[in-house]
Structures are given as C-alpha cells and as structure tokens.
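Visitor: make a model of this:
(2 chains)
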Amino acid sequence: MALPDLLQQLDEFVTAAVTAFGQAASPQALEESRVEFLGAKSGVLRALQKQLGALEPADRPQGGKRFNEVKRAVEAAFQEASARLASGATQRSDRRVVEFDATLPGRHFRLGHLHPITQTIEELKDIMGRLGFSVADGPEIEDERHNFEALNIPLEHPARDPLDNFYLAVAQGGSPGPLLLRSQTSTVQIRVMEQTPPPVRIIAIGRVYRPDTADATHYPMFHQMEGLLVDRRVTMADLKTVLRLFATSYLGHDVHIRFRPSFFPFTEPSVEVDMSWEDGWIEFGGAGMVDPNVLRAVGYDPDAVTGFAFGLGVERLCMRRHGVSDIREFYRNDVRFLRQF
Amino acid sequence: MIVSWNWLTDFVELPADPAEAAQRLMMAGLNHESTERVDDDWAIDLEVTSNRPDCLGHVGIAREIAVLFGRQLRTPAAALSATGSSVAELARVRIDCPQLCYRYTARIIRGLRISPSPEWLVRRLRTLGLPAINNVVDVTNYVMMECGQPLHAFDLARLGGRQIIVREARAGEAFLAIDHRTYTLQPGMCVIADATSAVALGGVMGGAESEVLDSTTDILIEAAEFSPLSIRTTARTLGLHSPSSYRFERGVDPEGVDWASRRCCELILQLAGGELAEGVLDVGCPRSRPERITLRLAEVPRLLGISVPAKRVRQILADLGCAVERADEKEVQVVPPSWRRDLSREIDLIEEVARIHGYQNIPEDVAVPMCPSYTAPRDRIARKARQVLTATGFDEALTASLVPVEWSQAFSPWTSAAPVVSQLAMKGILSEAPKDLSAADHVRRSLVPSLLEARRYNESMSNAVIELFEVARIYLPQPAGLPQEQTTLTLVSGQDYAFAKGVVEQLLAALNIATELTVTSLSLPLLDAHKCSALSLDGRTLGYLGEVNAEGCKRFGLRAAATCAEINLDLLGQLANLTPQFAPISPCPSTARDLNLIVAESLRWTDLLATVRAAAGEDLEEVCFREIYRDTQKDGADQKRMLFSITLRSANRTLTGEEADAIRDRIVAACTANHGARLLG
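Guide: Residues are numbered from 1 along each chain as shown, chains lettered A, B, ... in the order given. This is a model prediction of the structure:
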C-alpha cells in the first residue's frame, strides 16, 4: 500500500462516514451506519487500520497520524449524531463548536484572460466563417508590389509617401525593391489571388502599421479585417447583403447598411459603409468592387469575374463594444485592464 | 473644402434648406463635416476625396448640386476686353523644367490701384475663414475658391528683367517666402525666378521680394499647372502646405487654367482698375485631351446588381459634363470633361452612374450563394495554445512589433542575423517605458524583451500577479527576400522554471504531439546560467526556456524573479495532431507502486525515466515524479533520492499484487544495473 493511496482512502472514509451519520434520521439508521464504518470486526475503519501496517516503515508515522485524526473526527460525528437523535432534533445541531460558514468565498484558481482584441478577432472570424469566408494569411513585412502596385496604387500616389509608411532601412539582398511593414491587410488579397484561381472567398485579419504618433485614437500599429469575394456575377448588392448579415450577426439584431461614395485605389466603385445604430448611422468601414486593374494585376479577367472587398478596423469595433476610450489601453498590458474582458 | 451657401447661389438655383443639400451631397460622395452660420451666410464644410479636385471650388460643388437636383449650372463667361499694349512687349516667360511645370500663363494689368476689397468679397472670404488682404490678392484667392485653380499676382516692377523663368531649384538655393522666412531649396522643387533669383516657389508659396504691395501699380497674373508629385514633395519637405499646393497636388483642370486667368483679370479690372495688356503669355505643352470611353450598359447590372435605364445613364453622364458621342441600347460612348481627370475607364463611368443614381437603390437582401469555410491549422493551433495559456492562468498581452535597439540587442536566441530596422520609429509607444531607451525602430527578433517591459510596468503598478503571454510574429532576417515571419508564443511568469516548463509540456500534450521534448542546457543573455534550456522536438528547435537572472532583472527593471519561455508555434503546427485517434481503454483497474531510489547526484531524470520505461514493459501506464530528497549523512556525498511512483495497468486483466511487485523489482534491478541506483527501505 502506497501512502498516497491510503491517505486518499482515509479522506474518502471520513467524508462518507460523517455524511452518513449526519443524515441518519433514526437511532436504528445511525446504528447501521456505525456498524458499517466503526464496527470492531468488519468496519471500514478496522480495514484501514490493517492497511496501515502494510505501509513502508518510513511512511508509517505520517499514515498513523492521519489515521488517528480521521478516527477522532468520525467518532465525534457519531457522538454528535447520537445526541441530535436523543434530543429529538432533526435539524443539524447548532451546538457545534465550529460553525460552517457557507458564505465564505470558494477556492479560486487563476483563469487567464484573452486580450479583448483577440476576442474581437475570434468573433469576427466566427461570423465570417459562417458566411463562408475562410481566413487567409500573409506576411507583415511586404514588398511594394503587394502593398501598393498590385493594389492600383501607383508610384506618385500620396499613400506611398515615405513619411506615411514604415519603410525598412535596408533592402534585403535579392528582394524586389524596398520593403515595408504592411499598411493594410489588402496585401493578403493579392497574395491569395496570385496563387488561387477564382472563386476566392476569404478574410484576412492582422497587424497593420502606419506612422501615426500614439494618442487616444491612434496607434502606429493596429488590426484590420479585410474581406474579399471574387467569382462570376458578384455584385454590389452581394456586398451590401454580406455586410448586412455580418453587422446583424455582430450586433445581434437587425441592422441596415448604407453606402456613401468614397475613394480607394483598389476598389471601384468605392464606398464608406455605415450601419444603422439606434436612431442614426455609425461608420463601419470601407468597401467597394475590386478594381479591374487589381484583377488584371493578379491575372484574373475582369470581364469574366467580378468581386467585392471590404475592410474595417478591429480596435475601433472593440473600443465601441467595450467602452474603451483610449486605444493605448490595448497595448499597455496592465493586467487590471486585461482581466476585465 | 468650406463652401459659402450664398456664393453657390451665383451658379445654381439651390434647394431651400442647406441641410437637404448637404445630405444629398454627402450621399453623392462629399462627406458633410459641419454647417456653421457666418453673418448672413452658411459655411458648409465638405470632405473632398483626393480623386475629386474638381470639387475644390464653388463651381465644382455647384455642378454636383445641379446634377443631383436637376438644375442648370451657370458659370461666368470671364470675357475680357484688352486695351493695353501687347503682353509680349512687357514681359517674357520661359519654362526650363517641363517635367515640373506643364504649362505657365501670364497676363499683365498696368496702372491699377491697390485698395481694400469691397464688402461683398470680404464677406465671402470670411465665410471660408480666409483673411482679406487687398483687392488684388483677395481676387486671386477668390478665383481659386471659385474654380479650384490657384493663381498668383507678382508686382511686375519688382520682377528683375521683366522675365519669368520656371526652373528647377538648385541644391541649397535660399528662398525668402511671403511669410518672410527663408527656406533652403533642393533639386526636384520648382521655382519661379526672374532674371536674377527665385521670386516664388511654384504652386506652393509666393516670394517676399515680388509680392504685391500697397504701392504696386503693375501686376503679372500667373495661372499655371505644376506637376502634382513635385508639389506634394516640395510642400511636405518644407512643411509649407497652402490652399494652392493642396489643389496642385491633386491636379487642376488643364482647360480651366486660362478661364481662371481671365476671370481673375476681369475681377481685378473691376475692383482695382488699370489696363489689361493685349494677349497672354502661354508656354508649355498642352495636356492630352481626355480620351473617349465606351460604357457597355450590361456592365452596370453586372457590377451594381441593379439595372439603370439607358436613358438615365446617358442623362447622368451628360449632366456631369461628359460629351455623349454615341449611344445605342448596348453602349454609350463619351468624352469626359477636362476637369474630371479621374474618369478614364469604363469602371469610372459606372461609379458615376451608381453615385448619382444613388446607392440606396442597391438592395441589401439578395441571395448570396452559400459556401463552406475552413479553419486553417495555423488558426486552430493558435486557438489551442491560447486555451492552454489562459487555463494555466496567463493573461494575453499585445505588444508592438518595433522595439528600441536596446531590447533588440538584449535577447535574440533565434538568429544572429542583424535585425531589420525601420526608417521611421513608432512614436509615443514608449511613453511609460524607462526614459533612457532609444526610439522603437528595430523589427523585433524575440517577444521576450517586450513582455519583460510589460511585466516591469505591471510591477510598477503594484499588480500582485503578473502572468503574461503573447502570440505574435518575430521577424528573422534571411540572406535573400522577405524576412521569415515566425509565429511565436512567449510567456513571462512570476513562477519558476518547473512551472513554465509544465506549461510548455501541457501545451504539447494539448496538441497531441507524440515526439518527446528534448531539453539541452545552453547559455543565453538575461537568463540564469543553470536554469536555461533550449527545447527541441525531433532535432528541431522548439524554443527557449529559462529563469531571468539578476542581470536580466536589473536591465529590465524587474523587482521580483521571473521565468520566460519562447516557443515556435509554426513548428508545433507541423507536429500537432489535431485529429487524435481513439486508443482503446483498458477495462481493468490500475495498481500503483512507489519507488525511492538513491542515485548519483549527476543522474538526470530523463535518463532514469528511459530505464524505467524500458524495464517496466507494456503494463506501465504512467511514471510520476514525486520529489528529490537529499540526506548526505545517511546516503553519502553526491547522492540524492529520487522518489517517484508508477501506475501499472494491463489491457486485458487485473494485475495481481505479486505481478506488480515483480515489475517494480525489474525496474529497480535495471536502475541498479544502468545507474547504480539503490532502493531505499
């Protein structure tokens, strides 16, 4: 007999015996329990005592000590049950020296918390997954082809200004020109379409980088979700419908979608998307039909397929949902913040 | 772009309510920012996207209103009657840098009188928030705000040699601007020079030495077209942003240059008098005319999902200023107007149709085909990893991908290749970090320093329990091509090596990784010389684990001991088994035995374990380490006791006590043979 096993049996014994004595409703029932647990010939306690002798000698002192504690506790419980039945009380005795306080807190073990941005991303992935969009992935350090050129952002476009991007100091040997931290997740669109013939139905979620100075509403790194659907006969009505289904799922009630004309190099027509919120509209993100130049850049035929794309900022959704007023809270990593979500 | 409501009435019959106009404009692409009362006028602030420079003037906005409300647009004719001598006799213009300045026109008015502008002009400028200066300067601003073409007036008398030379700036050339500050120019910038020096920074700002003064009587009116890219670079490099540079950056109407010049002269003659010289100095290459575009009507429903009647399509395009050259039931051919350089393709026309017809006509409840979606293994691995980490009590952190050089150098176990460095640093992200750090411009090669800083911050807030992890990429430079981006899981704990190792082991178990974890000791900066290990699976590096040493704590300002582990999640993705197969469960009870062996201090658990497993045979279910105990008095020096228990279970029968004892005895014998172990007791 190993010591841990015996200790465990003793624990089980004390629990079972105390419970049985406590629940005994008549002197007869109590006597039956007494014989079962404390009976001199074949009671459980007697059997445990025998096992004590089978312990390694080194373990005997510890086993014996515990055995005696258990024996005293069970005998006390029996005395108490006898007294209770003798006095005619059916309630638990209130004469116990140590009162059980059911209002004491339970024992806790520490559960960690997922970052609220992760929780938001997981929810977005879930919703878009139900709508048939799989998650695609691409590098965060990109070349200019994927971050700009294939997205119909020509060299003279202001978005390519070195002061508006995290260009890397030294071009890697053998790389196709300068590299930069991607400024948008649209890069993943290009990488997926380059490798996959249509239809394509994906979302890309991840870190993007723009050199804004960190303040309450800006951070030089944030997260974007980008959706892309390219197939035959994809229209702006499909875009509006998918966005409505998405927003309805996210908010949990009926939502309407409004398009306002806008301008993005990689979509045309381009729109700002609003969703209905209480009595008004709130900005949701940007969207549009994939520009024919983008389709051509990845070898698709814009006369054969059409597509839509949309993008939105994860931080903004998360801030609105949880009432976070300063984006920097997400990256301060104070556990008092993280443990609220 | 702020527009004056009263001003718009010059060009189009407006709806009664400014709010209605603002709403329609917003739904047609001019986002409404605000409307404010200024005197008896409304100042309406509209956001103009960068592709619509035609809307950076009142005429352009009025045109949009005319199209949306089905009204007529009225524009001034800007007709001039010249009475003076020929302009060519009064001045000369030359372009030396046609790549920076496409076209330069000049008109001359002589004998005018500078005075304050009349009240109606001052009020309109005030509505836009522009100050009134004098009648000539105000008119140039007024016309710019009317049509979007920037203009400039030079004092002709102060132009050396009565000459305009449009040329590229020389390196280091000094220029005294109208704000009386001196700017140092560089090649790529376009200057307007007279015979001796620069008198204006083309399209960006005028010069102090040729500005119009109260004493000025003769002026040269510039209306030009500059290269958008050059203007943007110049304005940005010098930090000189003006309403003029804003418009040139986005591109002006090439065919509106002369109209603006005439309109400007017309108003100056009206307000300041003087005599207009005959003709115009007009140099440079005329821009190409817009090309014909064919819109296939079937494309409209193919992209928009709604059909728009052919007649309506033609009407919209014509209203916007397109010349409809041919139209039938299948196609419309148009030449777009010169002020809409953004219209060059069929898709551009479709967007115009959608925008004016109205996006509210596109339904939001069509049947989108269903389609299965898949969760990539990468995502499933990351999700499992996060489950294990949160279940073991860790909170998830997110830290920035760029770090200061000090952190980059402090810890880089994955690579010795020099880190990639960004040209710009992330600003404002280290405001709570120690002040002596450099800017965050190094692309990180490990997450450990970022999490040590997060731990320091939490310690400084007296947060009691700080258990943090992050799942993010590190960037390992490669000899060629893009850096390798490794998805990495890093944890930093206030507990010890064994706890962190336990978390890693539980992670491997959760991913059903059959391969045995190999631990080799190594030395890493920041980490304790003894309690620091490389972890590997199948001979491939899984990661690093160690307790932060005193030096590491000092370096990252930590008060209490910490342990960190950094794991390559991509490798786990390759080895994980996300579809575990059922293994039959024995119907028989298990039996346990405890062992307490005296062994040499140098014996490692992993070696003992191998012996135990080999000796026990197939009925061994589990080996469970209990503790190490040392009693040198009884056991002698360099000896330790290893206590562990084994659980035995047969697949098909209940093991007897004798059988269990026999297995234990085999194990002891093997341990004695292999490791010189002695059974205690």
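Visitor: which bits of the stretch 101-250 of chain B sit near chain A?
Guide: Counting by CB under 8 Å from any CB of the partner chain, the stretch 101-250 of chain B comes close to chain A at B:228-229, B:232, B:236, B:249. Placement of C-beta: from N, CA and C, glycine included.
Visitor: pick out the most distant pair among those.
Guide: B:228 and B:236 (12.3 Å; CB to CB).
Visitor: test my guess that residue B:279 contacts residue B:83.
Guide: No - using CB atoms under 8 Å as the test, residue B:279 is too far from residue B:83 to be in contact (12.0 Å).
Visitor: comparing the two, which residue is more hemmed in?
Guide: Taking other CB atoms under 10 Å in any protein chain shown, residue B:279 and residue B:83 do not tie; residue B:279 has more neighbours (16 against 10).
Visitor: could you look up the SS state of the residue nearest to residue B:432 when sequence neighbours are not counted?
Guide: Excluding the flanking residues, the one nearest residue B:432 by CB to CB, 6 or more residues apart in numbering or on different chains is residue B:457, at 5.8 Å. In three-state terms, and counting by DSSP: H, G, I helix; E, B strand; the rest coil, residue B:457 is helix.
Visitor: quick one, strands of the stretch 151-300 of chain A?
Guide: Applying DSSP state E, counting those that start in this stretch to the stretch 151-300 of chain A gives strands spanning A:179-181, A:200-209, A:221-231, A:257-264, A:267-277, A:280-290.
Visitor: ok, now which ones touch residue B:373?
Guide: Residues near residue B:373 by CB atoms under 8 Å, 6 or more residues apart in numbering or on different chains: A:128-134, A:201.
Visitor: do the same with residue B:585
Guide: Residue B:585 touches nothing, counting by CB under 8 Å, 6+ apart.
Visitor: name the helix or strand for it, please.
Guide: Using DSSP states H and E, residue B:585 sits within no helix or strand.
Visitor: stretch B:4-24: which residues count as buried?
Guide: B:4-8, B:11-12, B:14-15, B:18, B:21-22, B:24 (16 or more other CB atoms under 10 Å in any protein chain shown).
Visitor: what is the nearest of those to chain A?
Guide: The closest of the buried residues of stretch B:4-24 to chain A turns out to be residue B:24 (CB to the nearest CB; 11.4 Å).
Visitor: isn't that closest one up against residue B:69?
Guide: Yes - between residue B:24 and residue B:69 there is a contact under CB under 8 Å: 7.2 Å.
Visitor: so of the contacts of residue B:373, which ones are in strands?
Guide: A:134, A:201 (DSSP state E).
Visitor: pLDDT weak spots in chain A?
Guide: A:1, A:88-97, A:170-176 (pLDDT under 70).
Visitor: can you give me the neighbour number for residue B:2?
Guide: 17.
Visitor: list the residues that contact it.
Guide: Per CB under 8 Å, 6+ apart, neighbours of residue B:2: B:43-46, B:127-129.
Visitor: which one of the residues you listed sits closest to chain A?
Guide: residue B:46 (12.3 Å).
Visitor: tell me the centre residue of chain A?
Guide: residue A:119 (4.6 Å; CA atoms, centre = their mean).
Visitor: wait, is it part of a helix?
Guide: Yes - per three-state DSSP, residue A:119 lies within a helix segment.
Visitor: isn't it right next to residue A:341, touching?
Guide: Yes - in terms of CB under 8 Å, residue A:119 counts as a neighbour of residue A:341; the distance is 6.2 Å.
Visitor: give me the element the closest residue in space to residue A:336 that isn't next to it in sequence is part of.
Guide: Excluding its sequence neighbours, the residue lying closest to residue A:336 (CB to CB, 6+ apart) is residue B:463, at 6.3 Å. Using DSSP H and E, residue B:463 sits in no helix or strand.
Visitor: go on, the one 3 residues further on?
Guide: For residue B:466, there is no helix or strand it lies in under DSSP H and E.
Visitor: and for it, the neighbour number?
Guide: With other CB under 10 Å as criterion, residue B:466 counts 25.
Visitor: pLDDT score assigned to it?
Guide: In this model, residue B:466 is scored at 98, pLDDT.
Visitor: and the pLDDT for the nearest residue to it once chain neighbours are set aside?
Guide: Counting by CB to CB, 6+ apart, residue B:458 is the residue found nearest to residue B:466 once chain neighbours are left out, at 4.3 Å. On pLDDT, residue B:458 comes in at 98.
Visitor: show the subsequent helix or strand relative to the helix or strand of chain B with the lowest mean pLDDT.
Guide: Least confident element among the helices and strands of chain B, by mean pLDDT, DSSP states H and E: helix B:632-635 (a mean of 90). Scanning forward in sequence from helix B:632-635 by DSSP H and E, the next helix or strand is strand B:639-648.
Visitor: partner strands of that following strand, with direction?
Guide: In the sheet containing strand B:639-648, its partner strands are strand B:591-600 (antiparallel), strand B:620-629 (antiparallel), by DSSP bridges.
Visitor: got the buried residues for the last one?
Guide: In this case it means strand B:620-629. Those would be B:620, B:623, for strand B:620-629 by 16+ other CB under 10 Å.
Visitor: what's the answer for the first one, then?
Guide: Taking 16+ other CB under 10 Å as the basis for neighbour counts, the residues of strand B:591-600 that come out buried are B:591-599.
Visitor: one more: stretch A:29-46?
Guide: Buried positions in stretch A:29-46, judged by neighbour count with 16+ other CB under 10 Å: A:30, A:33-34, A:37-38, A:43-45.
Visitor: cool, and stretch B:316-334?
Guide: B:316-317, B:319-322, B:327, B:332, B:334.
Visitor: is it true that residue A:181 touches residue A:166?
Guide: Yes - between residue A:181 and residue A:166 there is a contact at 4.0 Å, judged by CB under 8 Å.
Visitor: ok, these two, which is more surrounded?
Guide: Remark: of residue A:181 and residue A:166, residue A:181 carries more neighbours, 28 against 25, as counted by other CB under 10 Å.
Visitor: tell me the bridge partners for the more buried one.
Guide: Going by DSSP bridges, residue A:181 forms beta bridges with residue A:141.
Visitor: ok, it - contacts?
Guide: By CB under 8 Å, 6+ apart, the contact list for residue A:181 reads A:140-142, A:165-166, A:168, A:208-209, B:401-402, B:422, B:443.
Visitor: residues in contact with the closest residue to residue B:191 other than its chain neighbours?
Guide: Among residues not flanking residue B:191 along the chain, residue B:198 sits closest, at 4.1 Å (CB to CB, 6+ apart). Shown in contact with residue B:198 (CB under 8 Å, 6+ apart): B:169, B:173, B:175, B:185, B:191-192, B:207.
Visitor: quick one on the thing from earlier: next step: the buried residues of stretch B:316-334 restricted to helices.
Guide: B:316-317, B:319 (DSSP state H).
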